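A.B. asks: Mind looking at a prediction? Sequence and model below.
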Amino acid sequence: MSDTVQKHPSEEELIQYALGQECGELEEHITTCSQCYEFVEEMRIVKAAFSHIDEQPVSGSVRNKIFESIKKDTSLSKISHFIQHWYTYPFFIGLLTIFWVLFLYFIYIFSQ
Ligand SMILES: [Zn+2]
């Protein structure tokens, strides 16, 4: 075993190399060290697998679920929640009743 084989580069360096970063010293080491060569090959397989996933189109239902989960925290969803469940707010029911009574009162007054 030579010195270059015994002194392995860090995993980070090997990953950078596997992802395509040029490094002459690393390349020299990898050609002589089977352990690092296998690691780099594994990283290249992982990289290929992930790049394949990225290329796949996202289906409409998955996209909708993602948008729904993002929308949940926005104020717009709070407004739409209020519109759908307005009858569950006692204050709003009271306010609506007051306006309805006033409306009927003014109709009664002006119809005299
Ligand atoms: Zn090595």
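C.D. replies: Perfect, I can see it now.
A.B. asks: Around the ion, which positions in the protein sit nearby?
C.D. replies: For the chain, the residues in contact with the ion (Cβ under 5 Å from the ion) are 8, 33, 35-36. Any C-beta I mention is one placed from the backbone N, CA and C, and that applies to glycine too.
A.B. asks: I'd like the residues you listed laid out as CSV, including pLDDT.
C.D. replies: What follows is the residues of the chain next to the ion, written out as CSV (pLDDT from 0 to 100):
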residue, pLDDT
His8, 92
Cys33, 93
Gln35, 93
Cys36, 92
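A.B. asks: Can I get the helix or strand encompassing Glu42 in CSV, CA atoms only?
C.D. replies: Using DSSP states H and E, Glu42 sits in helix 34-55. Extracted as CSV, the C-alpha positions of helix 34-55 are listed here (Å, rounded to 0.1, in the frame of the first residue of the first chain):
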residue,chain,number,x,y,z
SER,A,34,-10.7,0.4,-4.4
GLN,A,35,-12.5,1.6,-1.3
CYS,A,36,-12.8,5.2,-2.5
TYR,A,37,-13.6,4.1,-6.0
GLU,A,38,-16.5,2.0,-4.7
PHE,A,39,-17.8,5.0,-2.7
VAL,A,40,-17.6,7.3,-5.7
GLU,A,41,-19.4,4.7,-7.8
GLU,A,42,-22.2,4.4,-5.2
MET,A,43,-22.6,8.2,-5.1
ARG,A,44,-22.8,8.2,-8.9
ILE,A,45,-25.6,5.6,-8.8
VAL,A,46,-27.4,7.6,-6.1
LYS,A,47,-27.0,10.8,-8.2
ALA,A,48,-28.3,9.0,-11.3
ALA,A,49,-31.3,7.7,-9.3
PHE,A,50,-32.1,11.2,-8.0
SER,A,51,-31.7,12.9,-11.4
HIS,A,52,-34.2,10.3,-12.7
ILE,A,53,-36.7,11.2,-10.0
ASP,A,54,-36.4,14.9,-10.8
GLU,A,55,-37.2,14.3,-14.5
